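Asker: Predicted coordinates and the sequence they were generated for:
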Amino acid sequence: CLATLIIMLVGDTYTLINYVSFINYLCYGVTIIGLIVLRWKKPQIFRPIKVNLLIPITYLAFWAFLLIFSLYSEPIVCGVGLIIILTGVPVFFLGVYWRNKPKCVNRLIESMTCWGQKLCFVVYPQCGSAEEE
């Protein structure tokens with residue numbers, strides 16, 4: 001989010017749209033790959049909607065073409081898009097992977113989550129940890 005704000009202040013909107021569209025295409029493709037892998041490795045899982053595997057495989061063929069074409073035509077934009085995605089890696093390690101965090105770090109993360117939820121109106125804020133209840 002911070003990287004996007006900086007790009008919005010420095011760059012133009014067209015470039016930002018290119019960054020985000022590359023990131024979206026990349027995430028959609030990875031999601032479809034995950035769908036195919038789960039269908040292959042765990043075929044007995046309940047799925048409310050089940051489609052023929054030809055549909056996601058066809059989608060992946062077009063996805064690969066678009067992604068390769070994007071990488072060929074605008075490698076710098078795609079590289080910046082990948083850098084934007086990689087800015088989430090430290091957040092993952094601080095927020096999810098690090099299990100034995102000090103209480104002050106947990107409180108900070110919870111307050112930032114609550115603040116972000118209130119700011120964006122995305123989820124009813126449940127401020128305070130589960131230990132307090």
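Answerer: Cool, got the structure. Residues are numbered from 1 along each chain as shown.
Asker: Quick check: next helix or strand after the host helix or strand of Ala61?
Answerer: Per DSSP states H and E: Ala61 is located in helix 54-73. Counting by DSSP H and E, the element after helix 54-73 in chain order, helix or strand, is helix 75-86.
Asker: Counting by contacts, list what that following helix packs against.
Answerer: Secondary structure elements in contact with helix 75-86, counted by 3 or more Cβ pairs under 8 Å, 6 or more residues apart in numbering; DSSP states H and E, are helix 2-10, helix 13-41, helix 54-73. C-beta coordinates here come from the backbone N, C-alpha and C atoms, glycine included.
Asker: for the ones you listed, which one sits closest to Trp98?
Answerer: Taking Cβ to Cβ as the measure, the helices and strands packed on helix 75-86 were each checked against Trp98, and helix 2-10 came out nearest at 20.0 Å.
Asker: Include mean neighbour count when you put the helices and strands packed on helix 75-86 into TSV, please.
Answerer: Supplementary listing: the helices and strands packed on helix 75-86 in TSV, determined by neighbours: other Cβ atoms under 10 Å:
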stretch	mean neighbour count
helix 2-10	11
helix 13-41	14
helix 54-73	12
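Asker: Cool, thanks, signing off.
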